[in-house]
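>>> need coordinates for the following:
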Amino acid sequence: MRQLPVRMARWSARHAWRAIVGWFAFVVLCLGAGIAVGTNEATTKDFWVGEAGRAEAMATEGGLERSPTERIMIRARSGPLDLTAAGSAAQDVTERMRNLPEVESVAAPVRSKDGKVLLVSVVLNGPELEGRKNVVPLLEQTAAVGANHPDLVVEETGSPAISKGVNDQRGEDLALSERISLPVTVITLLVVFGSVVMAGVPLLLALSSIAAAIGLSMIASHLLPDAGVGMNLILLIGLAVGVDYTLFYLKREREERARAGGRLSSEALVELAAATAGRAIVVSGLAVIVSTATLYLAGDVIFSSLATGTILVVAVAVASSLTVLPALLVKIGHRTERLASRKAARRAKRGKPAPTAKPETGRVFGALLRPARTRPVLTLCLSVLVMLGLAAPALGLKLVDPGKDTFSRDIPAMQVHDRLTGSFPELFVKHEVVARSAPERAAQVKRALADLGRRAQADPLFAGDTEPTVRTSADGRISVLELAVPFPAPSAEAIESLVHLRQDHIPATVGQLSDVETGVSGDVARGRDYVAHESGKLPLVIGFLLLMTFLMTAWAFRSVVIGLVGVALNLLSAGASLGMLVLFFQGTWAEGLLAFDSLGAIASRVPLFLVVILFGLSMDYQVFVVSRIQEARQNGMPAREAVLEGINRSAKVVTSAAIVMVTVFGAFVALHLTEMKQMGFCLAVAVLLDAVVIRLMVLPSVLLLLGERAWWPARPARGARDGFPAAAPLEKVG
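A predicted model of the protein is given here:
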């Protein structure tokens, strides 16, 4: 493993055009194969968890599963509703919808209690998740009816229309994030390298890695279904780590070039960079992959999809850094050598001396590192206290499963949804009680469910003026009772109605029957059971994450102490960023600042995903910084000087990489979807804290105080020669 990056770099450097052509052929092959096989999208059953999932499985068994439903509202543009005109529009809607192959049935029009709205409900064919694909013809017909009746407002909403609106908005948001992050990334790289060519290399490799990972993710979806979120993560993580890995490699190659002073060929310089930065990239990539793989333990299709996308794009980014990057650097190096030779000749002709090398770090980095260098104990204590203070709000973390009621009101279907529930509050939420029994007990079960419906009508948390309906499967084994709740899904009243139903009403009615299996599903039950499922898996995932982080760090640096320090620092960074997330998003004070509507809680998927990803990304900086420290130590420096030398040499490149990551992640704060805002904000804050506080204050303070003990049980390396790492001797090439 230690020599693999060097061997790959050597081959790539000596066969540059083969490596370059081979890489882009690989990208095209991956993308082409992915497009050819398509994406295997997750189905409704892939999302089933808890009691709600069990209830939906029983309903599906009896052919009584939930169907995608659209609601068409007809109201006056101004003044009272003309019932004759509204009836004509409703008839037009009904005829048009019944002629569509996507439609299963159309219900008779229903008038709201205030008489201002006429409602037509349309049930689509196919499973629930297919609705967003099939809803476009319905929306077109609704618009046509509205055009034919200009005095009326004819508008459509429903889960399919809302899902389509969310997907459309997500696509626009991703385009916006790219417009924000790409220019800032280019500017940062131009500042770091001062060359358009060198700045373009990281961006080119990052984008090509993203393209290859997208194709591979399509192929992988036939093993693990795609939940529709993996693409977002491929773009988000791919741009960040793709640029970072290339940046670390490029900076090390330029450093070796400056140190060699023209004595080594481009091929030799690439091998030197591979022996240090290349190995660090491999270790860092493996750390991100291993930590992200713990998400599979959550047993959830969404987390599995997130893990697959992240793992693929990180693996491809590592591969690009080890294969095509050395070839590109050799080609660019040859050009640089020719230009340098011409400049040297012109300077010699004019009698000018050769320019001196610039220092690795500037005043800013020196100032940031000075507290740790001069007062490590005080710096450590204050830094840790600050991080713990930032983490404190995380103790009040509340989780919620974001449903359609939490989506942006910029989506037209959500605006119609609000008007719909205002006129028909019984359509806010429906609980579905599912019972399974022997066919001969169907009548008994139906009577018990009817009794349950009457009890619910008497409960103020349920819609008392809506008649509960019971449906029974053809074989009599499965029965489903629908109960309306006039409160939005995230509300305390809707949640309390579910508690009443499960703990009081069911045990007192159908729960009294022996050999009858019951379960409750619906939007509220899905959300509550999903949160409970995640909370139950959290200790397992976090436990394995801590273990794997320790093992990876200890293996990479052959030090138990460094492994423990790495885990502690990652916990500190993740805790502080989660605390900031709770502080900004769980309350309402930052709504205007960050343009969001508070859920009063954090989206349930965000904390677990972020902790896992943050551990992986934190390993990026830790590997690169500690590698430089270890290298200096192996070259014979005392522990204290090695720490300062390693951090000094890595400060600029780590900060540049952090700027890229913060920009990419921070761009997601501008998105509409609250869940993505939370992810982007937390990742950006975590990277910033990790790069500045952890790597420039806490880590150097800890290592300076520990001295040689930090590397236990490893012993100081011997036999370093010529300023190159003793652990990876290299021969001169060219």
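>>> list the contacts of the nearest residue to residue 150 once chain neighbours are set aside.
Spatial nearest neighbour of residue 150, chain neighbours left out: residue 77 (7.8 Å); criterion: C-beta to C-beta, 6 or more residues apart in numbering. Heads up, the C-betas are built off the backbone N, CA and C, glycines and all. When contacts are counted by C-beta atoms under 8 Å, 6 or more residues apart in numbering, residue 77 touches 150, 151, 152, 153.
>>> against residue 557, how distant is residue 77?
71 Å (C-beta to C-beta, to the nearest Å).
>>> next: residue 578.
Residue 578 is 27 Å from residue 557, by C-beta to C-beta.
>>> residue 431 in helix, strand or coil?
Following DSSP: H, G, I helix; E, B strand; the rest coil, residue 431 is assigned to strand.
>>> bridged to it, which residues?
Taking DSSP bridges as the rule, residue 431 bridges to residue 483, residue 522.
>>> could you shift the numbering so residue one becomes 27, and keep it that way?
Right, with 27 as the first residue, what we last looked at is residue 457.
>>> and the pLDDT for it?
On the pLDDT scale, residue 457 is placed at 94.
>>> wouldn't it be in contact with residue 525 here?
No - contact between residue 457 and residue 525 fails when scored by C-beta atoms under 8 Å: they sit 11.1 Å apart.
>>> who's more crowded, those two?
residue 457 (27 against 12; other C-beta atoms under 10 Å).
>>> how close does the more buried one get to residue 550?
Using C-beta to C-beta, residue 457 is found at 7 Å from residue 550.
>>> name the residues contacting each of the two.
Common neighbours of residue 457 and residue 550 (C-beta under 8 Å, 6+ apart) are 511, 523, 524.
>>> so which of those is the closest to residue 422?
Closest approach to residue 422 among these (C-beta to C-beta): residue 524, at 23.5 Å.
>>> if I've got this straight, the closest one is in a helix?
Yes - applying three-state DSSP, one finds residue 524 inside a helix.
>>> which one is it nearest to, not counting chain neighbours?
residue 550 is the one closest to residue 524 (C-beta to C-beta, 6+ apart), at 4.9 Å.
>>> what's the burial count for that neighbour?
Residue 550: 29 neighbours (other C-beta under 10 Å).
>>> check the offset of the host helix or strand of it from the chain's centre.
If you go by DSSP states H and E, residue 550 is part of helix 549-583. From the chain centre to the centre of helix 549-583 is a distance of 15 Å (C-alpha atoms, centre = their mean, to the nearest Å).
>>> where do the strands sit along this protein?
95-102, 129-132, 136-137, 143-150, 178-184, 425-426, 455-462, 495-498, 504-511, 543-548, 628-629 (DSSP state E).
>>> low pLDDT regions in the stretch 227-376 of the chain?
362-363, 365-376 (pLDDT under 70).
>>> again, only this time at 50
Of all residues in the stretch 227-376 of the chain, none has pLDDT under 50.
>>> how close does the spatially most central residue of the chain sit to residue 625?
Centroid-nearest residue in the chain, with C-alpha atoms, centre = their mean: residue 259, separated by 4.7 Å. Going from residue 259 to residue 625 by C-beta to C-beta gives 21 Å.
>>> repeat for residue 351
42 Å.
>>> which of those two has more residues huddled nearby?
It is residue 351, of residue 351 and residue 625, that has more neighbours when counted by other C-beta under 10 Å, with 32 against 20.
>>> hmm, the more buried one is touching residue 231, no?
Yes - using C-beta under 8 Å, residue 351 is in contact with residue 231, at 6.3 Å.
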